[in-house]
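Colleague: here are the coordinates; sequence isn't available:
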């Protein structure tokens, strides 16, 4: 079973960034305004936190969650994502997010093959929960759809990038 010590510091940073990019890619695919952004951020955080107590979570998922519980771990991930998306437009951010997830998938397949499938499914679950968190379209919460076509397309791209 893989954990933080199974990776170099740079590889670990990429894994932490990947967790954040799983939600950022979906949010960038179809920006939902302030309230939508908040709902999507909370959904990502809730799914991340659930990894700590979920009996099905691997040691690798629990190690990532534990790192996100520290200011150092959150800062490392946040700073890496900021570097990656600085000056980018939403469409570019989505592409960068999917690329980051593709890189994490390859890294997991190489360095943690026994945990790769469950970790990738967890990243996909984060993306799905973010997509479902806020209605897209409509007015003042009336009308709209739970998951927009742009978000559905992004979820499919994420699944493809992660090979799940």
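Modeller: Yep, it's here. What you are looking at is a predicted structure, and each value in this text was computed from that prediction instead of being measured.

Colleague: Worst mean pLDDT across the helices and strands of the chain, which element?
Modeller: Counting by mean pLDDT, DSSP states H and E, the weakest-scoring helix or strand in the chain turns out to be helix 33-53, with a mean of 89.

Colleague: So which elements touch the helix or strand harbouring residue 132?
Modeller: Using DSSP states H and E, residue 132 maps to helix 113-133. Judged by 3 or more C-beta pairs under 8 Å, 6 or more residues apart in numbering; DSSP states H and E, helix 113-133 is in contact with helix 9-29, helix 33-53, helix 59-68, helix 90-111, helix 149-162. Any C-beta I mention is one placed from the backbone N, CA and C, and that applies to glycine too.

Colleague: any idea of the mean pLDDT in stretch 133-145?
Modeller: For stretch 133-145, mean pLDDT is 73.

Colleague: if we can go back for a sec, in the helix holding residue 132, what's buried?
Modeller: For helix 113-133, burial by neighbour count (16 or more other C-beta atoms under 10 Å) applies to 115-116, 119-120, 122-124, 126-133.

Colleague: Show the pLDDT at the closest residue to residue 158 other than its chain neighbours.
Modeller: Using C-beta to C-beta, 6 or more residues apart in numbering and skipping the chain neighbours, the partner closest in space to residue 158 is residue 127 (5.1 Å). The score at residue 127 is 97. That number is its pLDDT.

Colleague: again, but for residue 30
Modeller: With respect to pLDDT, residue 30 has a value of 89.
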